[in-house]
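Trainee: coords please:
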Amino acid sequence: MLLDIKLYIKVIRYFLEIFIDAKWIYYYDLSTMASAKPTTCKEAIRRWEEENEQTAATATEVILSFQWPPIEKMDNALASLVNCEKLSLSTNMIEKIAGIGTLKNLRSLSLGRNLIKSFAGLEPLGDTLEELWISYNCIEKMKGIQAMRNLQILYMSNNLVREWNEFARLQELANLRDLVFVGNPLYENLEIEQWRLEVARRLTSLEKLDGDPIIRTEENPIMIQLAKTDSSSNDLLDQNPA
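Mentor: Below is the predicted model of the structure:
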C-alpha cells in the first residue's frame, strides 16, 4: 500500500512538472509574439527564395502564407513579382490590400484568414484577376468587387456581409461561375434552399454555389434545381490554392 502511494505521488509530481514547463513555454510564446516585429513582404519574399532556390521575380507561383511573425502590411515589395500568376498571402494579419496593382500577370490571389475589411486595392487587377480566395476576413461591404470584371471564382465564406443590396454588386460580374458565400450573416438568415434559389435567381450565370452545382431547367430558367453532392459543405468552404 505504501509503495502504491509513493508511486501515485511520483506520477502526480511528473505531470505537475510537465504542466509547469508547458505553462512557462506558453507564456514565453506570448511574450515573444508581443515583442516580435511583423514580417515584411520583402522578408517573406527572401524566405521564399531561400526555400525554393528560385528568384521570385521569375516565378509564376509565390506562396507567402503562414509567415511568423505574421505579415501585417502588403507593400510595394510585392511589385517585384512581375511574372507571378498565382499569389498567396493567406493566414497572416493583413488589414488592407495593397502593393499588387502592377502585377498584370496575376490570375489567382489568395488572401484567406486575414483581417481584411474591404476590396479596396484590387481595382487595378479588374481586367486580369480570375480567382479570388478571401474567406475568413472582416468584409461587410462589397464596394469595389464590381471592378473585377474578369473574376470567375470568388470564395468569400465567413465574412460579415448581411445586406442583399451589398450582395447585388456581384450581379455586375458577368463571368462569375463559382461562388462560396456560406458563413456570412446574409446566408445565416435564410433556410439553405431559400438561400440557394435566391442566389441562383440573382446570379444567372452562376454554375456552382457553396460547393454544389446549379442546374437550371431548359423549359423555365427561373425554375432552378440545385444538385446535391455527397461532399460536406464544410470541406468546401476554405478550399484554397495555398
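Trainee: which ones are touching the most centrally placed residue in the chain?
Mentor: For the chain, residue 112 is the residue whose C-alpha lies nearest the centre (C-alpha atoms, centre = their mean; 1.5 Å). By C-beta atoms under 8 Å, 6 or more residues apart in numbering, the contact list for residue 112 reads 90, 91, 133, 134, 135, 136, 137, 155, 238, 240. C-beta coordinates here come from the backbone N, C-alpha and C atoms, glycine included.
Trainee: cool, and residue 61?
Mentor: Counting by C-beta under 8 Å, 6+ apart, residue 61 makes contact with 84, 85, 86, 87.
Trainee: let's see it at 10 Å
Mentor: Counting by C-beta atoms under 10 Å, 6 or more residues apart in numbering, residue 61 makes contact with 52, 81, 83, 84, 85, 86, 87, 88, 108, 241, 242.
Trainee: now the residues you listed: which count as buried?
Mentor: Among the contacts of residue 61, those classed as buried by 16 or more other C-beta atoms under 10 Å are 81, 83, 84, 85, 86, 87, 88, 108, 241, 242.
Trainee: quick one: the fifth one and residue 132 touch, right?
Mentor: No: applying C-beta atoms under 10 Å, one finds residue 86 not in contact with residue 132, separated by 11.8 Å.
Trainee: Name the residues contacting each of those two.
Mentor: In contact with both residue 86 and residue 132: 108, 109, 110, using C-beta under 10 Å, 6+ apart.
Trainee: Who does the second one form a beta bridge with?
Mentor: Counting by DSSP bridges, residue 109 is bridged to residue 87, residue 132.
Trainee: what's the longest strand in the chain?
Mentor: Using DSSP state E, we find that the single longest strand of the chain is strand 212-216.
Trainee: pLDDT weak spots in the chain?
Mentor: For the chain, applying pLDDT under 70 flags the ranges 1-35, 219-242.
Trainee: Try it again at 50.
Mentor: Low-confidence segments of the chain (pLDDT under 50): 2-3, 6-9, 11, 14-16, 18-28, 30, 229-235.
Trainee: related to what we said a few turns ago, with respect to residue 43, which of the contacts of residue 112 is nearest?
Mentor: Using C-beta to C-beta, residue 91 comes nearest to residue 43 of the contacts of residue 112, at 16.3 Å.
Trainee: Now do the closest one: how many residues are near it, please.
Mentor: By the criterion of other C-beta atoms under 10 Å, residue 91 has 20 neighbours.
Trainee: tell me the contacts of it?
Mentor: If you count contacts by C-beta under 10 Å, 6+ apart, residue 91 has them with 64-67, 70-71, 110-114, 136, 240, 242.
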